[in-house]
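Undergrad: Sequence and computational prediction follow.
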Amino acid sequence: MPSPLKIAPTFASAYRTGPIPRRFFLGVVNAAVQFATQMLAITIVFNQTESLGGWSREDLIVLVGVHAIVSGILGMIFSPSISSFLESIRLGTFDFLLTKPVDAQLLASVQSVAPQSTVDGGGSGHYWLWSGTAGAGFGLVVLMFILLLLAGLCMVYSFMLVLASMAFWFVKLDNIMNIFNVMFGNAGTWPITIFPAWLRGMLTFIIPIAFAVTIPAQALTGALTVGNVALTFALAAVFLTASRFFWRFAIRQYTGASA
């Protein structure tokens, strides 16, 4: 089943590399294309069934909105920063970052910002959430959604950091990061419950797409359980701690450009 988040490649290339005003404009175009393809995909699916893995049409719209927000945040900060980090390892300029009087992991994680990604994450994500919930007020539900969203982002960031840290051994990891981006873009737009058990386990406990998208969406659809809440926060702490230890271990393998 194709993902509803396919973006025209000609737009995507210019979107990433053009001047910022042009990228904002193309971001609006991308958002419009995404809106059309997402609506088409959801319409096709629910013309054939009333439920997809236990998710209704409105629930799926909320999930797509959460995915858009997560993708926007990743595309605005973490993805460009990780790309810059990988480039600095390849070119040997990571030495300059190490000389800064700030934690190297923090600098590597937020060194680049792509503000045009807010068009997709903020604009389209807000629209999809509003459409799926009819603009209703939620109170504590919204707070829980935000907390779960932050926990999910921490897990995805930790996973990306571990992948990026392998550059201290293998130098060129662009293909691995691209594979992750494609997997997140495709699998993240569908409920985790529709996948077979083995893939569901991998997308939950190894590549934490379920915690980044599905579980925060459940907070808004009323399907959230106390067990999932506790597991999300516990695993976020585990992912962050493990990625920190792995970063500190990996950075000791870096010998510098002059070595």
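TA: Looks like it arrived, so ask away.
Undergrad: Next, the buried residues of stretch 185-199.
TA: Across stretch 185-199, burial judged by 16 or more other C-beta atoms under 10 Å covers 186-192, 195. Backbone N, C-alpha and C define where each C-beta goes, glycine included.
Undergrad: Restricting to C-alpha, output stretch 105-112 in CSV.
TA: Presented in CSV, the C-alpha positions along stretch 105-112 are these (Å, rounded to 0.1, in the frame of the first residue of the first chain):
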residue,chain,number,x,y,z
GLN,A,105,26.4,16.2,21.1
LEU,A,106,24.2,19.2,21.7
LEU,A,107,25.9,21.2,19.0
ALA,A,108,25.8,18.4,16.5
SER,A,109,22.1,17.9,17.1
VAL,A,110,21.0,21.5,16.6
GLN,A,111,23.7,23.1,14.5
SER,A,112,21.5,23.5,11.4
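Undergrad: for that stretch, which positions count as buried?
TA: In terms of neighbour count (16+ other C-beta under 10 Å), stretch 105-112 has its buried residues at 105, 108-109, 111-112.
Undergrad: In a markdown table: the buried residues of stretch 185-199, plus pLDDT, distance to S158 and secondary structure.
TA: Shown next, in a markdown table, are these (pLDDT from 0 to 100; distance: C-beta to C-beta, whole Å; DSSP: H, G, I helix; E, B strand; the rest coil):
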| residue | pLDDT | distance to S158 | secondary structure |
| --- | --- | --- | --- |
| N186 | 82 | 21 | helix |
| A187 | 85 | 18 | helix |
| G188 | 84 | 16 | coil |
| T189 | 83 | 22 | coil |
| W190 | 86 | 23 | coil |
| P191 | 87 | 23 | coil |
| I192 | 88 | 19 | helix |
| F195 | 89 | 22 | coil |
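Undergrad: Of those residues, which is the nearest to I146?
TA: Distance from I146 was checked for each of these by C-beta to C-beta. The minimum falls on G188, at 18.3 Å.
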